[in-house]
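K.L.:
Fold the following and give me the result.
(chains A and B)
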Amino acid sequence: MKTLLKPADIAINTDCLCRIEPGELAPLPSPYEDFNKSIPKLLKPEKIKNIEASLDDTVAIGIPKPASREEEEARVLQFLSGLKKLFEKENNWTFLQPLLLSMEHCARCQTCSDACPAYEMSGRQEIYRPIFRSEVLRRIHKKYLRPGGKITARLTGNIDLNWKAIARLAELSYRCTLCRRCASVCPIGVDNGLINHEIRKLFSQEMGIAPKEIHDKGTVQHLRVGSSTGMTPPAAKDSVEFIQGEMEEITGYKVETPWDVEGADILLLHNAGEMLAWPENVGAFAIIFQAAGLSWTMSSEAAGYDAVNYGLWYDDVQFSRVAVRHADIARRLKVKKIVMGECGHAHKALTVIADRLLTGELNVPRESAMVTLENIVMSGKLKFDPQKNNFPVTLHDPCNVVRAMGIVEPQRRILRKIAPHFREMTPHGVENYCCGGGSGFAIMSGYNFSEWRNLVSSRKKFLQILQAFENESQETPKYVCAPCSNCKGAIRDIIGYYHAEERSHLYYGGLVELIVNALEGMKKPIINFGDQPSWE
Amino acid sequence: MAALYRVYRQLTLPVHVRWEIYPVQHESAKRRAYGGSYMEDVDWWKSPYETSAVNELKYMTPEILLLRGLWKENKRLWWLSFPFHLGLYLMLVNVVFLLIAAVFTLWSPTTYAEGGILRLMMDMLIVASGWFGIIAGFIGSLGLLYMRLADRDMKLYATPADYFNIVYILMFFLCALLTIVFVDPFFVAAKSYLLGLLTVGTFASTYQPGQNVFGALTIVLASLLAAYIPLTHMSHMFMKYFLYHKVKWDDAPSRPGSAIESAVLQNLTLKPTWKAKHIGADGKKSWRDIASSTPNEMP
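P.N.:
Here you go, the predicted model:
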């Protein structure tokens, strides 16, 4: 039997704090039983000999091991310095009140645990429990930063602080997708997702520690080159031009993407990853907006063609820089509003979080594409033949659009109109489960992290998808509609990892693809199931 | 004092970024049902921001009185937590009734005469709230203590302070229970005590059967408990207001010229000191300067 880990155990001297054993993960149904004994592939010793990897056999960040005892001690002091700043208004006005409230009022009732898909699917590994990392931070804060803390720690919960504990806490902050399902069920209103977010911030803003996919290749590249994909402005325009050609072939009429149109009604912000991984999404938006006669534009300015804001997940300063850049582009284009494409975290970042950052002329109104699209679809401007979407469809709710913004029904009203075989997942809406790719996980694949994501954090979503289609035959092609780039990335990966296209004929895509697929007058379908078109 | 400090601190914290979570209960009834928001409307910023206090109350009343959230998410705990909270609530109600009775006794003795309907009614209310509260609180606190000791998940995270808190409250309810069962079933001593408090000990009460060890302990423990709760996480009893209204349901948009915008402008003048290289903070640059700059490691 496994030893039960307590928060204080984060500091113990062992090579691996938590090891998932074969058969511990929540079981998958037929025909996926062969994955029930799977565990994340172990990294080769030579790959991890210079980095911190003592949490759970998985590495997301790859923090270099300190070269000496002195360096370890210096890093511990740096951590405490950052922790102190989390509770100062000069450094953390952005989240000070929510953090204080969540740090001070947890009753440790464990109501949050059952809500967490990563904890549940991992076979209830203690370290993934929502409260585990919160309690570690809470105890460190009480013991090392409160007056008399070292004396009262025996009463309020003791914990030792060493470099191992800190390195593990950094890694552990990347085992939570920030879906905030735990916060939504807490009877008191405590938000363990928020505490996790603050831990990530501490490491990034004070110690410069963050996964390279979301910092170096993410926000830094976004601000430097123009996109976290590495696409420069000319490359973005080339991509869209290529997409236009593709769309012309499908639709039979010429699609024109307007660029940098001053005074347009709408600035459309896509996740630039769509241009590379799912070009049909960008094309479908252009078709719908053009067919509906909207006044719209895209921006070819650096950062203006990439809606992502990875700062949302780990760093308020990087977040602010990207948000200001987006808003300033919209301001200079003099558009009436920004419409966020199918990217969940970008929705929340620019519409909700940046709402109390952007002032004056930078506060350009922002709207979800779900809302804009519903307005178009329901307006009668476009004619649809729902029978073209004559296949089972289920909807994945991106946490950032639904639970964090309350945009729940517009996308459903569209689907009820254009997808006759639409069915819900259980649960759905604001009670949905994360795709497992939230908070940067979908783009993090260094070391063996993608294994952990596919096996643990995305497992619940995979089960939900299978359940939504359980009454369909294996041979029937099925469509998972995921109106969010990161969610699509995570769902693409689980379909690939579990061979679900071959075994269950599972396919995935966005919402606009379904809209265009049902649009009257198209020469060819935009949705294909492997080599098979969705309609003839 | 501690409670006032907690509230004061919350009121003086800077406006934070929005971090609401849906459903937000002051939305319209239709939207509350599925967790929708005003952002589901086209051009939502052209409409006034409206909230419904009635809808909030519809949610908060059963949440406060019946712990509805816990019932939905953690029924096993609710069966113990509800009587525990009910016990504490009824103790507060009991004190209010005792105060009312004392006020009548002191300042309107004729309307509150022995044998009168008002006196009879107040006596019944005091006895009912007291007995129900003490029994519920005793069962709840005993059950919660057992759960913390027996439930693996709760035990793993319980600190000595958690055990102290629950044992303390259990002791209060136990002493109160022993008092009403064996000494003072009609709360005569409690009434005398409140009268004594209001008159700074000058009220001439000749009957004081509560002067036994359990009755005295109940009064001492209750007084200390009222002072102690605000120092602990149990202050969620009243701090829940901020957790819900200032975070979970705080969906108020920042509009040009609004108080929120002014507060944000103020926040942007704050000068951070984060040390990571890419931040570029030196304690002199403001958030505004830093947010409109580029990261340090850029060429």
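
K.L.:
how close does the closest residue to chain B within chain A get to A:Val352?
P.N.:
Closest to chain B within chain A is A:Gly406: 2.7 Å, counting by C-beta to the nearest C-beta. Every residue, glycine included, has its C-beta placed from N, CA and C. To A:Val352, A:Gly406 is 10 Å away according to C-beta to C-beta, to the nearest Å.

K.L.:
Can you pick out the residue with more neighbours from these two?
P.N.:
Neighbours per residue, other C-beta atoms under 10 Å in any protein chain shown: of A:Gly406 and A:Val352, the larger number sits with A:Gly406, 27 against 23.

K.L.:
how far away is the residue of chain A closest to chain B from B:Glu20?
P.N.:
Separation of A:Gly406 from B:Glu20 (C-beta to C-beta) stands at 8 Å.

K.L.:
if we can go back for a sec, for the residue of chain A closest to chain B, give me its contacts.
P.N.:
A:430, B:22-24, B:27, B:31, B:35-40, B:251 (C-beta atoms under 8 Å, 6 or more residues apart in numbering or on different chains).

K.L.:
among the residues you listed, which are in helices?
P.N.:
Counting by DSSP state H, the part of the contacts of A:Gly406 found in helices is B:Arg31.

K.L.:
Serialize the contacts of A:Gly406 to JSON lines and add fields for distance to A:Ile376, neighbour count and pLDDT.
P.N.:
Shown next, in JSON lines, are the contacts of A:Gly406 (distance: C-beta to C-beta, whole Å; neighbours: other C-beta atoms under 10 Å in any protein chain shown; pLDDT from 0 to 100):
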{"residue": "A:Val430", "distance to A:Ile376": "25", "neighbour count": "23", "pLDDT": "98"}
{"residue": "B:Tyr22", "distance to A:Ile376": "24", "neighbour count": "26", "pLDDT": "98"}
{"residue": "B:Pro23", "distance to A:Ile376": "27", "neighbour count": "24", "pLDDT": "97"}
{"residue": "B:Val24", "distance to A:Ile376": "27", "neighbour count": "24", "pLDDT": "98"}
{"residue": "B:Glu27", "distance to A:Ile376": "25", "neighbour count": "25", "pLDDT": "97"}
{"residue": "B:Arg31", "distance to A:Ile376": "22", "neighbour count": "22", "pLDDT": "97"}
{"residue": "B:Gly35", "distance to A:Ile376": "24", "neighbour count": "23", "pLDDT": "97"}
{"residue": "B:Gly36", "distance to A:Ile376": "19", "neighbour count": "25", "pLDDT": "98"}
{"residue": "B:Ser37", "distance to A:Ile376": "20", "neighbour count": "22", "pLDDT": "98"}
{"residue": "B:Tyr38", "distance to A:Ile376": "20", "neighbour count": "19", "pLDDT": "98"}
{"residue": "B:Met39", "distance to A:Ile376": "17", "neighbour count": "23", "pLDDT": "98"}
{"residue": "B:Glu40", "distance to A:Ile376": "15", "neighbour count": "21", "pLDDT": "98"}
{"residue": "B:Asp251", "distance to A:Ile376": "26", "neighbour count": "22", "pLDDT": "98"}
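
K.L.:
The contacts of A:Gly406: which two are farthest apart?
P.N.:
The largest separation in the contacts of A:Gly406, counting by C-beta to C-beta, is between A:Val430 and B:Tyr38 at 15.0 Å.

K.L.:
Please identify the buried residues of stretch B:140-152?
P.N.:
For stretch B:140-152, the neighbour count (16 or more other C-beta atoms under 10 Å in any protein chain shown) marks B:Gly140, B:Ser141, B:Leu142, B:Gly143, B:Leu144, B:Leu145, B:Met147, B:Arg148 as buried.

K.L.:
pLDDT score assigned to the residue positioned nearest the centre of chain A?
P.N.:
Nearest to the geometric centre of chain A sits A:Gly438, at 2.4 Å (C-alpha atoms, centre = their mean). Note on A:Gly438: pLDDT of 96.

K.L.:
how near is it to A:Ile266?
P.N.:
Between A:Gly438 and A:Ile266 the distance is 27 Å, computed by C-beta to C-beta.

K.L.:
Neighbours of B:His16, how many?
P.N.:
23.

K.L.:
same question, A:Leu466
P.N.:
Neighbour tally, A:Leu466, other C-beta under 10 Å: 20.

K.L.:
now it: how far from A:Ala26?
P.N.:
Distance, A:Leu466 to A:Ala26, by C-beta to C-beta: 12 Å.

K.L.:
same deal with B:Leu142?
P.N.:
Note on B:Leu142: its distance to A:Ala26, by C-beta to C-beta, is 35 Å.

K.L.:
Could you look up the SS state of the nearest residue to the residue nearest to the centre of chain A once chain neighbours are set aside?
P.N.:
With sequence-adjacent residues excluded and distances taken as C-beta to C-beta, 6 or more residues apart in numbering or on different chains, A:Gly438 is closest to A:Thr177, at 3.6 Å. What DSSP: H, G, I helix; E, B strand; the rest coil gives for A:Thr177 is coil.

K.L.:
ok, now which ones touch A:Thr177?
P.N.:
Applying C-beta under 8 Å, 6+ apart, the residues contacting A:Thr177 are A:Ala118, A:Cys399, A:Cys434, A:Gly436, A:Gly437, A:Gly438, A:Ser439, A:Phe441, A:Ser457.

K.L.:
so who does the fifth one touch?
P.N.:
Which is A:Gly437. A:Gly437 makes contact with A:Thr177, A:Ile443, A:Arg453, A:Ser457, A:Ser458, A:Asn486, A:Cys487, A:Gly489, A:Ala490, A:Ile491, A:Asp493, according to C-beta under 8 Å, 6+ apart.

K.L.:
Once you drop chain neighbours, what's closest to the second one?
P.N.:
Spelled out, that is A:Ile443. A:Glu213 (5.1 Å).

K.L.:
quick one: what helix or strand has the one you found in it?
P.N.:
Secondary structure assignment for A:Glu213, by DSSP states H and E: no helix or strand.

K.L.:
State the distance from it to A:Ala482.
P.N.:
Taken as C-beta to C-beta, the span from A:Glu213 to A:Ala482 is 20 Å.

K.L.:
circling back: dump the residue contacts of the closest residue to the residue of chain A closest to chain B other than its chain neighbours.
P.N.:
Nearest residue to A:Gly406, sequence neighbours excluded (C-beta to C-beta, 6+ apart): B:Ser37, at 2.7 Å. Taking C-beta under 8 Å, 6+ apart, we find B:Ser37 in contact with A:Met405, A:Gly406, A:Ile407, B:Tyr22, B:Val24, B:Glu27, B:Arg31, B:Asp251.

K.L.:
of all the residues in the stretch 251-400 of chain A, which ones are close to chain B?
P.N.:
Within reach of chain B by C-beta under 8 Å from any C-beta of the partner chain, the stretch 251-400 of chain A has these residues: A:317-318, A:320-321, A:323-324, A:337, A:351-360, A:363, A:365, A:367-368, A:370-372, A:375.
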